[in-house]
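Show me the folded form of this:
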Amino acid sequence: MSEWTIHHLPNMGVLTGTHPYGGDPVKLVWAMQMALCQMSEEAVTPLTLLAGRWSVGLVPNFVLTFTGKPTYALLNNYRAAFLKFFPPIYQLVPNHRYMKLVIYRVPCNHHADGTLPTSAELYHELGQNAHLKGWNMLDHPNWVKSALLNPSKTKSSFSFALHDMEGKLNQALCTPCYIFGKACKIKRTQSYIQHCQCERCFMLTHNTVECRCPTDYKQCGICSKLRHLQLEHKATHCPWLHPTIKCDCAPNCFNCRYQGLPTKGHYAFGDNCPLKKNMHHHGSALVPPPPQPQAQPTLAPLAAVTKPAPTFTSI
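Numbering: from 1, shown residues only. This next block holds a predicted model:
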C-alpha cells in the first residue's frame, strides 16, 4: 500500500466552510472511486483507492490509501478524479520522497503594472537550470507571502515541490541555481505531510507499511502491553483492580507519557493526541531565510494557480 495526501497549498490562507460530503470520509472515497471509473472508461481501473481519512492539525488535508505503489505519472493522469471535490488551493502529493524547496534572494522583477513574475514565468526560469530538468514538479512555483504583500521588495523568495524518486536532491542543493540572471541560494524546507502513525506499534515515525515488527506483532493501543490488541483489552491486562472483566479506566496515552506530556483524556491512537497536532504545527514551518530588512507591508491581491502541475521535460 502507499499513501498520497490532498494537501493545502502554502500561502493560500485557510479554507473556510464545510468539508466535502459533510466531512464523511467514506462518502468522499466512494465519490472519488466513481469519478475514477468514469475517467478510466475501463472495466478494471488502473488505480485502486482503498480508503481515505482526514488529517489532524491546523489545516484539513485528506489522506488517500492506494493498493500497491502507483507511479507519479499514473496518479497525475487521474488527479482530477480526486481534486475535483476540493478548491484549487489543494494539490495531490505523495507521502514519500516529497521535497519542498525554497529559493532565496530572487530579484523581484516587477512588470510595468507593478505585478510580480507569474508562476509560469518562475517555472520557465527554473527550467533554464539544466540540473533541474526532468524532475517531477508537484506544484507551480509560488512567491512567499511577504513578497506578495510588500510590492516595495527588490529581493524575495519562492517555493516549489518536487517528487525525488532518484535521490537527486543533493545535486539540486549543491549546484548554483540562476533566476533572472542572478545566482540564488536553494534550500530544502520543512514541509508538512500528514503525520505517520503505525497501527501496529503506534510509533509516530513511520506508517504500518514501513513497520519492521513482524506481521503477527500485537501491542495494545490502550495499555501499550504486548500480545493483545486494544479490542481484546480487559481488566486482566490492567494493573488496577476492577469489579468486572471490563476495564473502565479513563483514557491515557502512553506516547505522551514517554514524552513527559499530559497523558489523560486521550489514547495513543486517538486523533486528539497533542503529539500529532504538534507534528503538524512544527512540520508546516519553513526554514528561516537569510535576514533581510523588514518593511511595512501593504495589502495586495493573492492569486491562486489552478493549472495542472507541469514537469520540466515539457520545456
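
elements contacting the longest helix along the chain?
Longest helix of the chain, by residue count under DSSP state H: helix 25-40. If contacts are counted by 3 or more C-beta pairs under 8 Å, 6 or more residues apart in numbering; DSSP states H and E, helix 25-40 sits against strand 49-54, strand 62-66, helix 80-83. All C-beta atoms are positioned from the backbone trio N, CA, C, and that covers glycine.

repeat that with 6 Å
strand 49-54, helix 80-83 (3 or more C-beta pairs under 6 Å, 6 or more residues apart in numbering; DSSP states H and E).

can you list these in CSV and add mean pLDDT, mean neighbour count and distance to residue 19?
Shown next, in CSV, are the helices and strands packed on helix 25-40 (pLDDT from 0 to 100; neighbours: other C-beta atoms under 10 Å; distance: least, C-beta to C-beta, whole Å):
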stretch, mean pLDDT, mean neighbour count, distance to residue 19
strand 49-54, 87, 17, 7
helix 80-83, 90, 19, 14
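
Figure out which of those is closest to residue 131.
helix 80-83 (29.7 Å; C-beta to C-beta).

any idea of the angle the helix or strand following that closest one forms with strand 62-66?
Later in the chain than helix 80-83, the nearest helix or strand by DSSP states H and E is strand 90-94. If you take axes from the mean of the first three to the mean of the last three C-alpha atoms, to 10 degrees, strand 90-94 sits at 40 degrees to strand 62-66.

Given strand 90-94, what are its sheet partners and their directions?
Here strand 90-94 has these sheet partners by DSSP bridges: strand 2-8 (antiparallel).

Now the strand it pairs with: average pLDDT?
Strand 2-8 shows an average pLDDT of 81 in the prediction.

Figure out how far it is from the centre of its chain.
6 Å (C-alpha atoms, centre = their mean, to the nearest Å).

can you redo the helices and strands packed on helix 25-40 as CSV with distance to residue 36?
Formatted as CSV, those follow (distance: least, C-beta to C-beta, whole Å):
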stretch, distance to residue 36
strand 49-54, 6
helix 80-83, 4
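
So if we follow the domain assignment, how does the protein break up?
The record's domain split for the chain, according to automatic domain parsing, is 2-94, 98-192+284-314, 204-274.

roughly how far out does the last one sit from the chain middle?
Read it as domain 204-274. 27 Å.

Do me a favour and get the end-to-end distance for that domain?
By C-alpha to C-alpha, to the nearest Å, the extent of domain 204-274 from end to end equals 12 Å.

what's the closest non-adjacent residue to residue 1?
residue 209 (5.3 Å; C-beta to C-beta, 6 or more residues apart in numbering).

I'd say that neighbour and residue 50 touch.
No. Using C-beta atoms under 6 Å, residue 209 is not in contact with residue 50; the gap is 11.8 Å.

measure residue 111 to residue 89 for me?
Distance of residue 111 to residue 89, computed by C-beta to C-beta, to the nearest Å: 24 Å.

Just the buried residues of stretch 140-151, please?
140, 141, 142, 143, 144, 146, 147, 148, 149, 150, 151 (16 or more other C-beta atoms under 10 Å).

I meant to write stretch 41-50 there.
45, 47, 49.

so how far does it reach from one end to the other?
19 Å.

mind listing which of the buried residues of stretch 140-151 are in helices?
146, 147, 148, 149.

List just the nearest of those residues to residue 239.
residue 146 (53.5 Å).

Assign the closest residue to that closest one other than its chain neighbours to one of the three secondary structure states.
Closest residue to residue 146 apart from its sequence neighbours, by C-beta to C-beta, 6+ apart: residue 156 at 6.5 Å. Under the three-state scheme (DSSP: H, G, I helix; E, B strand; the rest coil), residue 156 adopts strand.

What is the burial count for residue 156?
21 (other C-beta atoms under 10 Å).

Strands along this structure, start to end?
2-8, 49-54, 62-66, 90-94, 98-107, 136-137, 142-143, 155-163, 177-179, 182-188 (DSSP state E).

how far does the third one sit from the chain's center?
Using C-alpha atoms, centre = their mean, the mean C-alpha position of strand 62-66 is found 11 Å from that of the whole chain.

what about the residue located most distally from the centre of the chain, distance to residue 235?
Within the chain, the residue lying farthest from the chain centre (C-alpha atoms, centre = their mean) is residue 243, at 46.2 Å. Distance, residue 243 to residue 235, using C-beta to C-beta: 9 Å.

same thing with residue 92?
Taking C-beta to C-beta, one finds residue 92 at 46 Å from residue 235.

How about residue 149?
Applying C-beta to C-beta to residue 149 and residue 235 gives a distance of 59 Å.

Please apply the same query to residue 145.
For residue 145, the distance to residue 235 - C-beta to C-beta - is 54 Å.

Same check on residue 172?
Distance from residue 172 to residue 235, by C-beta to C-beta: 57 Å.

More neighbours: which of the two?
When residue 172 and residue 235 are compared for neighbours, residue 172 comes out ahead with 18 against 15, by other C-beta under 10 Å.
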